[in-house]
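> One predicted model, sequence on top.
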Amino acid sequence: MAVTMAGALNTALHDAMRDDERVVVYGEDVGRLGGVFRITDGLQTTFGAERCFDTPVAESGIVGTAVGMAMYGLRPVVELQFDGFSYPAFDQIVSHVAKYRNRTRSHVSLPMVVRIPYGGGIGGVEHHSESPETYYAHTAGLMVVTPGTPADAYSLLRASIAQDDPVIFLEPKRRYWMKQEVDLPVATEPMTRAVVRRPGTSATLIAYGPMVETALAAAEAGVEEGWDLEVVDLRSLSPLDMDTLVQSVTRTGRAIVVHEAPRFVGFGAEIAAELSERVFGYLAAPVLRVTGFDVPYPAARIEKHHLPDVDRILDAVERSLQY
Amino acid sequence: MAVTMAGALNTALHDAMRDDERVVVYGEDVGRLGGVFRITDGLQTTFGAERCFDTPVAESGIVGTAVGMAMYGLRPVVELQFDGFSYPAFDQIVSHVAKYRNRTRSHVSLPMVVRIPYGGGIGGVEHHSESPETYYAHTAGLMVVTPGTPADAYSLLRASIAQDDPVIFLEPKRRYWMKQEVDLPVATEPMTRAVVRRPGTSATLIAYGPMVETALAAAEAGVEEGWDLEVVDLRSLSPLDMDTLVQSVTRTGRAIVVHEAPRFVGFGAEIAAELSERVFGYLAAPVLRVTGFDVPYPAARIEKHHLPDVDRILDAVERSLQY
Amino acid sequence: MSQPVTLTESSSAAGRGGVTATWQEIAPNGALGEPAAHPADLSPERLRELYRFMALGRRIDGQAINLTRQGALGVFASSHGQEAVEVGAALALEAGDWLFPTYRETVAAFVRGVDVVEVLTLFSGSWHGGFDPMRYRVAPFATPLATQVLHATGLAMAARLRGDRVVALTFLGDGAASEGDAHEAMNIAAVSQAPCVFLLQNNQYAISVPLRLQTRASALALRAAGYGMPGIRVDGNDAVSVHAAVRGAVERARAGDGPTLIEAVTYRMGAHTTADDASRYRSAEEVDEWQGRDPLARHLALLRDHGLADDAFLEAVRAEGEAIAAHMRAALYGAPAGDPLEMFDHVYSARTPLLEAQRAQLAAELAAAAEVG
Amino acid sequence: MSQPVTLTESSSAAGRGGVTATWQEIAPNGALGEPAAHPADLSPERLRELYRFMALGRRIDGQAINLTRQGALGVFASSHGQEAVEVGAALALEAGDWLFPTYRETVAAFVRGVDVVEVLTLFSGSWHGGFDPMRYRVAPFATPLATQVLHATGLAMAARLRGDRVVALTFLGDGAASEGDAHEAMNIAAVSQAPCVFLLQNNQYAISVPLRLQTRASALALRAAGYGMPGIRVDGNDAVSVHAAVRGAVERARAGDGPTLIEAVTYRMGAHTTADDASRYRSAEEVDEWQGRDPLARHLALLRDHGLADDAFLEAVRAEGEAIAAHMRAALYGAPAGDPLEMFDHVYSARTPLLEAQRAQLAAELAAAAEVG
Ligand SMILES: Cc1ncc(C[n+]2csc(CCOP(=O)(O)OP(=O)(O)O)c2C)c(N)n1
Ligand SMILES: Cc1ncc(C[n+]2csc(CCOP(=O)(O)OP(=O)(O)O)c2C)c(N)n1
Ligand SMILES: [Mg+2]
Ligand SMILES: [Mg+2]
C-alpha cells in the first residue's frame, strides 16, 4: 500500500494508543483539529479526549507536564507544533527530560516522546523551518531520532514510544507527503542503527531526515558522472551508529555529510570529527560537509538557495574525488 | 597590579557604565548584593538603581526585556546567574537576540551582552556547572566570547559592550579568582582573534575559557616529556578565528582540542572537522578531542573525574605523537 | 464553547450629544467590576477616523486573502472581526509611541502608517520583516507567541529610564497569554512600573483551541490583580470603548503610573490563517452569532446616529480602500523574490570570514546557473 | 521592604476547646477576602505531631548548617523559620500522594519519611538526588526554579486520567513565582482540573531580592483568580492554619474539584544558603521582628494552652532530634565520594557504545592511578 510519512506517523500513534493504554497524546491543536499537519487526526475521536487532548499554548508546560506524567507511569507523546516552538521548552528538555534518570540514579525513568516537525522546504514563515538537532543531540540523556522514509516513520515512532528513554522525535515536515509502498505495521531495523540505503563504492553520502531523499537523488544523478555513491541514513542521531559509518567509509575512503542545519557546530561536525579520528588512515579526502549556511533560516522565497540540493552534493562529491 | 578575573570583570562593567550612559546592568541579585559572584559589586551604589538593578526571577524576562531596551538604544548587559539557568532564556536568545538584525534587514541591531558564569570545577550542585557553548555557538547571529585570563576578561567584556552585535559572554567561573599582573584598563588583541598563548612545535593544544589554564599547565608538564606544545586560546568561539588555527596546525601537524563540555557535537567537533578539511595534507595525526564525558554534569564529589585535566591532555598528546 | 460575557453595547447606546465607552475594571483587591460607563469625549473626526481605518482594514484583509488564493502571498492571518481592537488601539498612540504586533495586526500596523505591502512581507515570503521598525515605531511581526510582550516591556523600561514620555503598546492573543513570557512580562512591567499597555485580544480561539481549553478564568483581565496592575475588560467589537480604554491606559503609562492589562473580547471571524480550515472545529451558528456584532456595522450605526456618515464620506473611504487594494495587487503579483545573496548581510553588522566564504560559494553557484540558464 | 500583612494569630487565639485556623480567601470574582476563621478540627495527636516535626526539623537544620561549616556538606538551604509551612503541608498528605519540593524542603521530605541523610545528598555532593522518589512519593529536590511545578501538575493530570485519588502538592518560592513555568503550570492545572496544590512559600526574599522587587501585587494569592482556581493566603508561621488550609485544598483536589493556590506568608530566618551573607541586604531589626513570630514558639504556646506539651513529651522530642543529628554526623562526616564510574550508568537505560568507551577510558585511568598511588 502507498503510505505517506504523515499517514505512517498517524497510524503509529493510533496503534501505540491501541496497544498500550498508558500512551497519551497531547499538545497544541492535536485533539479536535488533529494537528496542523493532521498527524494526530482521529486519535481524539477514537481514544477520547482524556487520552488525546489540546493544551493551552505553553510549550514548557507541555513538556514539563509530560515529565510528571511519565513519572506516574504513563507514556506521554507530546507534539510541539513547529521546530522553532520547541525552544520555549528547551529548559525542561535539557534540565529535566535529559537529566531525571541520572539525577535519581535510574529510580525514575521518563518514557516520553517529544515529536517535533522540523526543517525547511515548505515555504514557511520565520521560526517554522528550523533544524534544531545539534541542540538536542549535544544533550546527554536524550535520544534523538529522525526518519527518512514512511516505513521508518512508523517503526521508529513505535520503537520510541515502546522503550524507556526520552526521545526527541524529529519529523522532516517537508517529507510528510512522501510516499512509499509498505504494509503497516512494519518493523524496520532497530532504532539506534544506521542503514545503508544504497550501497556504493565511490564515496559515502551520510544523511538523515529530510536529506535522505535528497542524498538518494544525488546518488542517482551521480551515476551519470560515473560515480557509484553509497548512501547511509542515520535514523538515530543520538546515540549515533558510528560502526556503520566506519565500515562504509573504510570501504569508500570518502565521506560527505549532508544536513539542512547550519554548518558551524552542526551535526555534521561530529560525524566529520569522529570519522576523521576513527578512519584516519583510510581517508582519501577530508570528510566534507554540505549544509545550510550559517544564517538565520531565510525567507520562503529564497530558502531554496539555502538548502542543500543535488547539485551541491554532487559538487562536494567532485571535490572529494579530486583529492 | 595583581587582578583577579572577577575583579577585572567588575572593573570592566564599572568603566563601561562610566564611559557610556546607555550601558545598563541587570539580572537576579546583581544590584544590592552585587551578584552571587560579586561581579557587579558596587555598580548600584555608584551608578544608581536605575542603571543597575535587580529583576524578578525570570530569565526569559531578563533577556526579552533586554531586546526591547537595545531596540530603544540602550546597551543592556544582563547577567544570568548560572549556566544552567540560561536555558529558560533560550527561546529569547535563539528566536530573537540572534535573529532580530536579520529579520529587520539590519534596521534594528541589538547591542546587548548576556553574561553567563559557566563551567564546572567549583563543587556546584546540579545545573550550576554546565558548559552550554555548543548551543550558542551553533546559533547564527550570536557572538560567543569567553576569556581565559583577567586581562582578556576586562578587554573582551569592554569590546563586547562597545560593539553592535549581541554577545553571549561566557565567564569561566572556576577562574574568577585566578590572578594576573595587569594594569587596567587594558586592551588586548581584537575580540574575534584567537591568540597563541604559548608557541610550540610538537602539537597544538586548542583551548578556551576555563581550559586555557589547564592547557598551559599541560604544556608546561609536557616539557618534561620533551614535548614543545603550542597553546592557542580561542577567546571568541563565534566567529571562530580559523586562520590562527590553520597556521598553527599547518606548522605542528597535530592538534588536540580541549573543553569541559561533553564531546558529542561539542565545540571541539567543529574545530576537528574544520581543521581536518583545511589542513588535510598537513595532519600527521587526527585532531583529537579531550572533553567532558557524554553524561549529565556529575555531582560535586566526582566532577574531577569528568573534567579534562593535565594528565588527560598529555595522554592525548602522546596518542597524537604516536601516529 | 464558553460564552463570552455580553458587554454593554455602549457606543450605539450613546445619545446624540456624545459617546460613552463602557468597560469592566479590576479593583485593586482583585475583583472584576460590573460594566461601567465612561465619557469617551471623542471628536467627530476621531469617530470617523475609527470607521475609515476599520473599513480600509477590512478591504486590505479581503485583498490579502485573495492574494493568498492566487499565490502572491504564502499565507495570511486575517484581522476580520477584530478591526475595532486594532484600529481603536493604534489610534490611541502618539507618533513617538511604539506598537508591538503579533502576526495578526496588519491593520494596526497600517494605521501606524506602514505601507501595507511592507507589512505583508512576512506573508509574501520575500523577507521576514518588511518595514523599518525604527521609522514607524512598530516592531516587526512576531511569530513566536508572547515573546514580543517582553520586548515591549523592555522598551518601555528603557524609555522610562531615559525619562522619555514614550509608551509601548503590545498585542497578544488569548492563546499567547498562556505562555510563560506573557507572565514574566506583565510581572516585570508592574514591578518596574514600565509605561506599557498589554492589549490582550481575546478572539476566543488559538488556532482550533477554544477559550475554555485555554483558561478556566471567567476573564483574562483578572490576571491584572495578580501583578498589581490595573485591569480592564472591554468589548472588543466596540471601537469607541476600545479606543477610550486604551487611550486611558496609554495616558496613565505616560504619566508614570505604570502598565495596564486590557482584555478586548472579540472574535476571529475567519480561519486562523488561510492555511486553516475552521469548519473542523467550530460551528457556522457560532460564527453567525458574532457576525451580528460586526464592529464595522456597529460603528457605522453610531456614526449614522450622530449624522457623521454621509454618502460622500462613505464613498471616499470606499475609493481609498480600492486604491490600496490596487496598490497591493500591483506590488505583490509577480514581485521578484529578492536577492538570495542578501541572506549573508544581516547576520552580524559585518560579514564574518565564514559568511564571506559561504556567500562566495552561493555567488559562484548563481553565476554558473545564470550561464547555463 | 514591603510589610507582609499581619495575619490573625489564630492558633494561639483559640480557646481550650479546640483550635481555629484563619486565612484569607480569593473570591471567584478575584477579590481578596478578609481573614476568616475556620474550625480546624485537629486531634491532640496531630497538634503534637506538628510540633514534633517542627522541632525535629529545627534540629536537623542546625545540624546541617554545622555540617556545612565543617565541610561535610558543600552548601545547605535552611528551612529555619519556615517549619510550619513545611510540616503543616507535608502532614496534610496521605501516603499515596506526591510532594514536589524545591531545594529548601529538607524538613518536608523528612516528614514524608525520607532518611534525612538521603535528603541531603544534593548538598553533600555525592550525587544529585539521594533517595528513591517512587518509594516516598517525593520528587527529587529541584534546583531550577519553578520547573518542578510543572512536573507536579503533570503527575496530577496523570493520576486524574487514571482515576486514582492521588494528589500532588508542590512547593515554590516567591521568587520562583515570577518564572514562566509557574504560570504555565497553574494555568494548565486549572484548565485540566488537575488534583494539584500549589504551595507558594512567600518567605519575603529570593536570595537578596525582597518581595517588593519581585511583585507589585499586594498578595501573591491574587494570582489564583487569573487562573480560575481558588486562592488562599495563610499565615505561614502558624502550623495549624497552614495544615488546615492545605488539608482542605488536598481534599478538594482529591474530590475532583481541581487545584488550589495557597500563599503561605513566612520568613527565611537564615541566609539564602550557607554560601550567602544576608547582612549585605537586610537589617537585623527585620530579622528580629520575625523572630518574634517563630512558628515553633507559637505552636508550643498553643500546645501548652491546651495542656498538650508536658516535659516528657518535650524531652522525647529533644532526644529524638539528638538521635537524628547523631545519625547525620555519623553518616555524613567522611562519607566516601561514591564511584565515579557510576556516572555512565544512568544516562540511558543501557550504556551506549560511546558511554562504554568513555567508561573504559575512566576505568583505565582509575586503575593506573591506583597502581601509582
Ligand atoms: C511559541 C509558539 N508556540 C506555538 C505557535 C504556533 N501557533 C501559531 S498561532 C497559535 C495560536 C495563537 O492563538 P492566540 O494567541 O489566541 O492568537 P490568535 O491567532 O487568535 O490571534 C499557535 C499555537 C507559535 N507561533 N509560537
Ligand atoms: C531557573 C533558575 N534561575 C535562577 C536560579 C538561582 N536561584 C537559586 S535560589 C534563587 C531565589 C529563589 O527564591 P524563592 O523562589 O523565593 O525561594 P527561596 O530561596 O526563598 O526559598 C535563585 C534566583 C535558579 N535556581 N533557577
Ligand atoms: Mg486567539
Ligand atoms: Mg523566597
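Sure, I can see it. Residues are numbered from 1 along each chain as shown, chains lettered A, B, ... in the order given. Ligands and ions are numbered 1, 2, ... in the order given.
> Quick check, the residue in the stretch 151-300 of chain C closest to ligand 1?
Taking C-beta to the nearest ligand atom, ligand 1 has its nearest neighbour within the stretch 151-300 of chain C at C:G173, 2.3 Å off. (Glycine included, C-beta is placed from N, CA and C.)
> where's that residue relative to chain D, distance?
As judged by C-beta to the nearest C-beta, to the nearest Å, C:G173 and chain D stand 14 Å apart.
> Which residue comes closest to residue 192 once chain neighbours are left out?
With no chain named, the answer covers chain A. A:S236 (4.5 Å; C-beta to C-beta, 6 or more residues apart in numbering or on different chains).
> Correction: the question concerned chain C.
C:M157 (5.3 Å).
> Now that neighbour: phi and psi?
phi -60, psi -40 (degrees, to the nearest 10).
> Can you give me the pLDDT of residue 155?
All of this refers to chain A. Listed pLDDT for A:S155 reads 98.
> my bad, chain C
Looking at C:L155, its pLDDT reads 98.
> That one and C:T170: what is the separation?
Remark: distance between C:L155 and C:T170 (C-beta to C-beta, to the nearest Å) = 9 Å.
> Which secondary structure elements does the helix or strand containing C:A108 sit against?
Take DSSP states H and E as the rule and C:A108 turns out to sit in helix C:106-111. Identification of packing neighbours for helix C:106-111 by 3 or more C-beta pairs under 8 Å, 6 or more residues apart in numbering or on different chains; DSSP states H and E yields helix C:44-69, helix C:83-90, helix C:116-119.
> Quickly compare the ones you listed and say which is most buried.
Comparing the helices and strands packed on helix C:106-111 by mean neighbour count (mean count of other C-beta atoms under 10 Å in any protein chain shown), helix C:83-90 ranks first with a mean of 31.
> ok, C:M328 touching C:V119?
No - applying C-beta atoms under 8 Å as the test, C:M328 and C:V119 come out as separate, 10.0 Å apart.
> Surely C:L169 is within a strand?
Yes - C:L169 sits within a strand when classified using DSSP: H, G, I helix; E, B strand; the rest coil.
> And for it, the neighbour number?
27 (other C-beta atoms under 10 Å in any protein chain shown).
> Tell me which residue of chain C lies closest to chain D.
Residue nearest to chain D within chain C (C-beta to the nearest C-beta): C:G180, separated by 1.7 Å.
> Can you give me the neighbour number for that residue?
Look at C:G180: counted by other C-beta under 10 Å, it has 28 neighbours.
> wait, what's in contact with the residue nearest to it when sequence neighbours are not counted?
Of all residues not flanking C:G180 in the chain, D:G180 sits nearest, at 1.7 Å (C-beta to C-beta, 6+ apart). D:G180 makes contact with A:60, A:88, B:58, B:60-61, B:88, C:179-181, C:183-184, D:146 under the criterion C-beta atoms under 8 Å, 6 or more residues apart in numbering or on different chains.
> Select from these the one having the most neighbours.
B:A58 (34 neighbours).
> doesn't D:D181 make contact with it?
No - B:A58 is beyond contact range of D:D181, at 9.9 Å (criterion: C-beta under 8 Å).
> Need the residues touching each of these two.
Common contact partners of B:A58 and D:D181 (C-beta under 8 Å, 6+ apart): B:P88.
> that older thread, using TSV, lay out the helices and strands packed on helix C:106-111 together with mean pLDDT.
Listed next are those as TSV, based on pLDDT from 0 to 100:
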stretch	mean pLDDT
helix C:44-69	97
helix C:83-90	98
helix C:116-119	97
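> got CSV for those, with distance to ligand 3 too?
Formatted as CSV, the helices and strands packed on helix C:106-111 follow (distance: least, C-beta to the ion, whole Å):
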stretch, distance to ligand 3
helix C:44-69, 16
helix C:83-90, 11
helix C:116-119, 20
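> For ligand 4, find the nearest of those.
Among the helices and strands packed on helix C:106-111, helix C:83-90 comes nearest to ligand 4, with 36.9 Å by C-beta to the ion.
> just how off-centre is the closest one within its chain?
Distance of helix C:83-90 from the chain centroid (C-alpha atoms, centre = their mean, to the nearest Å) equals 7 Å.
> Could you do stretch C:25-33 as well?
Going by C-alpha atoms, centre = their mean, where stretch C:25-33 is centred and where its chain is centred differ by 26 Å.
> And it, what's buried?
Buried residues in stretch C:25-33, counted by 16 or more other C-beta atoms under 10 Å in any protein chain shown: C:25-32.
> Would you check these and say which has the weakest pLDDT?
C:P28 (81).
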